[in-house]
Each structure stands twice: as structure tokens, then as C-alpha cells.
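**Q** sequence first, predicted model second:
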Amino acid sequence: MSSDFESYEQDFGTITAEVTNKIGRIPKLSGEEKTQLVLNVDKQLEEVRELLEQMDLEVREIPIQSRAMYNGRLKSYKQEIDKLEKDFKRSRIAYSDEVRNELLGDDAGSSENQLIKLREERAHLLDNTEKLERSSRRLEAGYQIAVETEQVGQEILSNLHSDREKIQRARERLRETDANLGKSSRILTGMLRSQNIASLHCHATSPSLSPNGKR
């Protein structure tokens, strides 16, 4: 299991390095070229998120004594992807000075303040979006915990039901054993009584002998 996790780690490192490089290039581009690079980065980020999901599943299969170490590594990777996503969102609305001047032309100086204001508003919207996404992830994590807790509860109830059936069967066998012992005891008691009665009858009907041995 740990070998699979480490394989996912290598893929994660390769893709995130490419994404980091591309995010740095986005503000320097414009038009269709920028759009294509944004789409490419978005696709790679989705691949990274899928890798994290696979790594999370692998960690759950790792023995408990080793799980803490892998959980720590997975947590750092999740923090890294969160930072990359923030940088990516900012890069999509950012422009280098060269590109900005090209887009605005002669009005670059007069439109600087408007561009700054627009950038601030977009950054504010991105922050709100990130807060909503974090809340959504927390809700999903809470839901997953609830589902797992319900599954554990169902397993416990199933085990209790099975144990209850075993106890009931044991009680039934004990009652049968008690009944058989009682029946055997009555039979033995009847046999002993019959034997005692027969012995007394034989003794009573036997002729007594005189002291000299004659009847």
C-alpha cells in the first residue's frame, strides 16, 4: 500500500511543478493563448485533486501504527494544492505591465486606478469564493464522518443481534438439558423405588428358619 502512496506522491510532485510554472506565465499572456493555458492548468489541478483522493484512500488502508506519518504528508499536500488554487485564481485576473499597456493602449495611465479597483473587487470575490469552498469541504468531511459513524453503528447493532441469537440458542440448549436431566432423574427414582419394593416383597414371603435350622 505504501508503495502506491509513494507513486502517487511522485505524480503529485511532477504535476504541481508544471502547474506552478504555468501559473507564473499566465499574467504575461492575453487573448486565446492565455485562455488555453488557463484551461490547461485547470485540467491539471483537477488531476492533482484526483491524486489526493487516491492518496487519501491509500492512507485508510495503511496499518494504524504507520498511518499518522502518511496523514501528515497528505495534509501538507492538501495545503500545497490550496495555495496553488489561490495563486491560479489570482493569476487569471492579473496582467503584467506589458500586457496591460497593450490592452489599454493610450489610456493605460488614466485607467490605472480603475484597473486597480477592479482587481481589488475581483480579489474580494475570490476570497469569498474560497471561504465558500472551504465551508463546502468541511461539510463534505462532516458528512463523510457521519456516514462512517453510521456504518460502524450498523456493524455494532448487527454484532449485538448475532450475539443475542447465540445467547438465546444457548439458553434453549440449557433448558433442554435441564429437562432431560429432570426426566432421567425421575426414571432413576422410579427404578430405585421398584427395586426397593421388590426387595421388601421377597423378604416378606421368604419362610423363616428355626434356631436349629429346621422350618
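**A** Ah, there it is. Numbering: from 1, shown residues only.
**Q** longest helix anywhere in the chain?
**A** Using DSSP state H to define each element, the chain has its longest helix at helix 112-205.
**Q** what's the mean pLDDT across it?
**A** For helix 112-205, mean pLDDT is 76.
**Q** from Arg73, how far off is Ile145?
**A** 21 Å (Cβ to Cβ, to the nearest Å). In short, each C-beta sits where N, CA and C put it, glycine included.
**Q** and if you look at Phe5?
**A** Distance, Phe5 to Arg73, by Cβ to Cβ: 8 Å.
**Q** neighbour count winner among these two?
**A** The neighbour comparison of Phe5 against Arg73 (other Cβ atoms under 10 Å) goes to Phe5, with 19 against 14.
**Q** ok, the more buried one - contacts?
**A** Applying Cβ atoms under 8 Å, 6 or more residues apart in numbering, we find Phe5 in contact with 55, 58-59, 62, 70.
**Q** ok, so of those residues, who is nearest Gln79?
**A** In terms of Cβ to Cβ, no member of the contacts of Phe5 lies closer to Gln79 than Met55, at 13.6 Å.
**Q** if I look at the spatially most central residue of the chain, how far off is Arg60?
**A** Residue closest to the mean C-alpha point of the chain, counted by Cα atoms, centre = their mean, is Glu148 at 5.8 Å. Using Cβ to Cβ, Glu148 is found at 10 Å from Arg60.
**Q** same check, this time on Glu150
**A** As judged by Cβ to Cβ, Glu150 and Arg60 stand 17 Å apart.
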